[in-house]
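Peer 1: Quick one, fold the following:
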Amino acid sequence: MAKKEEPKAEVPIRQEEKIEAFGARMYVESAKALREVGARVALSVGAAILIWVFGQLVFIPISIGMKPVFGDYSMESIVSFVIVIALAIIVFTIFVDIRKLTGGIAGVLAYEFGRASGEVKIESLRHYRIALDGIIYVIIVSLAYLLFAQYLGGIHEAIPAILLVLIVIWAVFALWRSCRAIAAEVGRYTKKWADELEKRTKKT
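Peer 2: As a prediction, the model looks like this:
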């Protein structure tokens, strides 16, 4: 009768091995994200700048001298509307690509700081991503507003002012979330340092 195989004892995985495995995966994902969307983001930004420049220097000046052909809407308003739609599509694609990049960067940060402290937590990855998303998106939206503002004013003069107020409200909330995420990570490391200091004090 064949002997029953004894169950193999599970080899405990050291914390250092977990950190290295996590870090290797994050670096691979980050490099992949950079390869996939890095060039696409650069091309999208270049396209948005070219459209803005041609709109300001060519299309809008030409449209100002034309008579309205679509009812009460001036040609300047129509051309501005078309350019705004084109810029909106490009900016939206940049937003999607930037989110992939921030995910990779957040993973690298979680690994680097986790390796320094001796532990890697999914919560840290989430905190870093919230912080990066908030800061980078506020920068992108602010720059996008500078591209849109004059064209939106060509459609209706009140649109840029209303949009600016909405962006400011959103930016304050986004930056507040980013600061809270950073504070949570700083608080975690500070607590760990304080606990270690307390242990050393008790030993002495």
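Peer 1: and Ala47, what does it touch?
Peer 2: Contact partners of Ala47, counting by Cβ atoms under 8 Å, 6 or more residues apart in numbering, are Ile90. Where C-beta positions appear, they are placed from N, C-alpha and C, glycine not excepted.
Peer 1: Repeat that for Met75.
Peer 2: Shown in contact with Met75 (Cβ under 8 Å, 6+ apart): Ser63, Ile64, Met66, Lys67, Pro68, Val69.
Peer 1: so which helix or strand takes in the residue nearest to the second one when sequence neighbours are not counted?
Peer 2: To tie it back to what came earlier, the one meant is Ile64. Spatial nearest neighbour of Ile64, chain neighbours left out: Glu76 (5.4 Å); criterion: Cβ to Cβ, 6 or more residues apart in numbering. In this assignment (DSSP states H and E), Glu76 forms part of helix 75-117.
Peer 1: For the next helix or strand after that helix, give the mean pLDDT please.
Peer 2: Going down the chain from helix 75-117, the next helix or strand is helix 122-155, by DSSP H and E. For helix 122-155, mean pLDDT is 81.
Peer 1: List the buried residues of helix 122-155.
Peer 2: Buried residues in helix 122-155, counting neighbours by 16 or more other Cβ atoms under 10 Å, are found at 124-125, 127-138, 141, 144, 147-148, 151-152, 154-155.
Peer 1: which strands and helices sit next to it?
Peer 2: Here helix 122-155 touches helix 75-117, helix 159-203, going by 3 or more Cβ pairs under 8 Å, 6 or more residues apart in numbering; DSSP states H and E.
Peer 1: Could you find the closest non-adjacent residue to Gly134?
Peer 2: For Gly134, the closest residue by Cβ to Cβ, 6+ apart turns out to be Ser178, at 3.3 Å.
Peer 1: so how many other residues sit close to the one you found?
Peer 2: Using other Cβ atoms under 10 Å, Ser178 has 20 other residues around it.
Peer 1: That one and Ala48, how far apart?
Peer 2: With distances taken as Cβ to Cβ, to the nearest Å, Ser178 is found 24 Å from Ala48.
Peer 1: pLDDT below threshold where in this protein?
Peer 2: The chain contains residues with pLDDT under 70 at 1-27, 29-31, 33-34, 69-71, 104, 107-122, 188-204.
Peer 1: need the contact list for the closest residue to Val41 other than its chain neighbours.
Peer 2: For Val41, ignoring the flanking residues on the chain, the nearest one in space by Cβ to Cβ, 6+ apart is Asp97 at 4.9 Å. By Cβ under 8 Å, 6+ apart, the contact list for Asp97 reads Val37, Arg40, Val41, Ser44.
Peer 1: Quick check: closest non-adjacent residue to the first one.
Peer 2: Closest residue in space to Val37, ignoring its immediate chain neighbours: Asp97 at 3.9 Å, by Cβ to Cβ, 6+ apart.
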